[in-house]
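Asks: Sequence and predicted structure, then a few things I'm wondering about:
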Amino acid sequence: MKILNCLSLFIMGTSFFSFGQEFERVQLEKPKEATYEYAQVEPSIAINPNNLNEIIAGTVMNDYYYSTDSGKTWTSSSLRSKFGVNGDPVLHINSKGRYFYFHLSNPKDGQWIDRIVCDYSDTIIGEWTSSATTPNPPKAQDKHWVSECPKTGNLYLTWTEFDAYGSKKKTDFSRIMFSKSIDDGQSWSEPLVISALLGDCLDGDNTVEGAMSAVNSEGEVFVIWTGPHGIRINRSIDFGETWLKQEQKVIDQIGGWTFSIKGLGRSNGLPVTYIDQSKGEFHNRIYINWVDHFNGKKIPTVG
């Protein structure tokens, strides 16, 4: 978690600007409705593939921001959901131009983080409609991510399920979950467990966490995460219907995925995964990025 006083955006050399051209950093105003003490942390951002002038962003707990002029000016607001909002914003804009804001739940008629919520809108100003994965109380659902299939338009959602979040019991475990939407986020399939090797529930190095999916041009789905067994990968060749019985090892994450940075309340080196969708030499190549202590444990300082 990044503890900051403000959220700012600095865009440089992106595909829809002249390469190498620098732009003034823009500080995004905190929404008037914002209630969280540490608002504007854990930012997520997405660009409309059909209109590169449109950008949306989200921050903890339930705030979002949008720009229609390539990030020069922004409008700030806060999102409300019938399932409640409890952070971990993940923003996405699909190939049809629908806007998505995924987040944790805090429902009045349910249990804290008992499902992953998908709020979607067909307008950038955010007239949000809510859907969600199937709750599985008393288990907790946390740390999600989403990808889109370039072949079908399916949305693929991955996350960690805890038997009991924060539990020290050796009989409580964490696992990686998967669900998909074939109707642009209106509904979600029954969640599947796609990790054979389990972790603990302490939300640390021995927890299986950071599941992020990526899809190649043929529609093959790859999910990568980390935990006590190192960085792992599972694969589906039938659009998420079936998976390898046991995930495969990619590499050890030296020192685990949690580490300290002076000046931050919390930080991590969870893997981030993308697939090259270009038509060039590296078409469909999988890229996995992570942070570890391969060169020794060093504690950097922010500021």
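Replies: Perfect, I can see it now. Numbering: from 1, shown residues only.

Asks: quick one: what helix or strand has Phe102 in it?
Replies: strand 99-104 (DSSP states H and E).

Asks: May I see the buried residues of that strand?
Replies: Tyr99, Phe100, Tyr101, Phe102, His103, Leu104 (16 or more other Cβ atoms under 10 Å). All C-beta spots, glycine's among them, are computed from the backbone N, C-alpha and C.

Asks: Who are the packing partners of it?
Replies: strand 55-60, strand 90-93, strand 116-121, strand 140-148 (3 or more Cβ pairs under 8 Å, 6 or more residues apart in numbering; DSSP states H and E).

Asks: and the nearest residue to Thr73 once chain neighbours are set aside, what is it in contact with?
Replies: The spatial neighbour of Thr73 that comes closest, neighbours along the chain excluded (Cβ to Cβ, 6 or more residues apart in numbering), is Ser67 at 6.2 Å. Listed by Cβ atoms under 8 Å, 6 or more residues apart in numbering, the contact partners of Ser67 are Asn53, Glu54, Ile55, Ile56, Thr73, Trp74, Thr75.

Asks: sorry, back to before: as a markdown table, the helices and strands packed on strand 99-104 with mean pLDDT would be great.
Replies: Rendered in a markdown table, the data for those read as follows (pLDDT from 0 to 100):
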| stretch | mean pLDDT |
| --- | --- |
| strand 55-60 | 96 |
| strand 90-93 | 98 |
| strand 116-121 | 98 |
| strand 140-148 | 98 |
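
Asks: who wins for proximity to Ser187 among those?
Replies: Each of these was checked against Ser187 via Cβ to Cβ, and the shortest separation belongs to strand 116-121, namely 9.4 Å.

Asks: Relative to the closest one, what are the paired strands and their orientations?
Replies: With DSSP bridges as the criterion, the sheet partners recorded for strand 116-121 are strand 99-104 (antiparallel), strand 129-132 (antiparallel).

Asks: would you turn these into a markdown table with mean pLDDT?
Replies: Putting these into a markdown table (pLDDT from 0 to 100) gives the following:
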| stretch | mean pLDDT |
| --- | --- |
| strand 99-104 | 98 |
| strand 129-132 | 98 |
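
Asks: Out of the ones you listed, which is closest to Met212?
Replies: Going by Cβ to Cβ, the one of the strands paired with strand 116-121 nearest Met212 is strand 99-104, 12.5 Å.

Asks: Could I have the CA atoms of the closest one written out in CSV?
Replies: Only the C-alpha atoms of strand 99-104 are listed here, as CSV (Å, rounded to 0.1, in the frame of the first residue of the first chain):
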residue,chain,number,x,y,z
TYR,A,99,-15.9,1.1,-18.2
PHE,A,100,-15.3,-1.3,-15.3
TYR,A,101,-14.4,-0.6,-11.7
PHE,A,102,-13.6,-3.8,-9.8
HIS,A,103,-13.3,-3.7,-6.0
LEU,A,104,-13.7,-5.6,-2.7
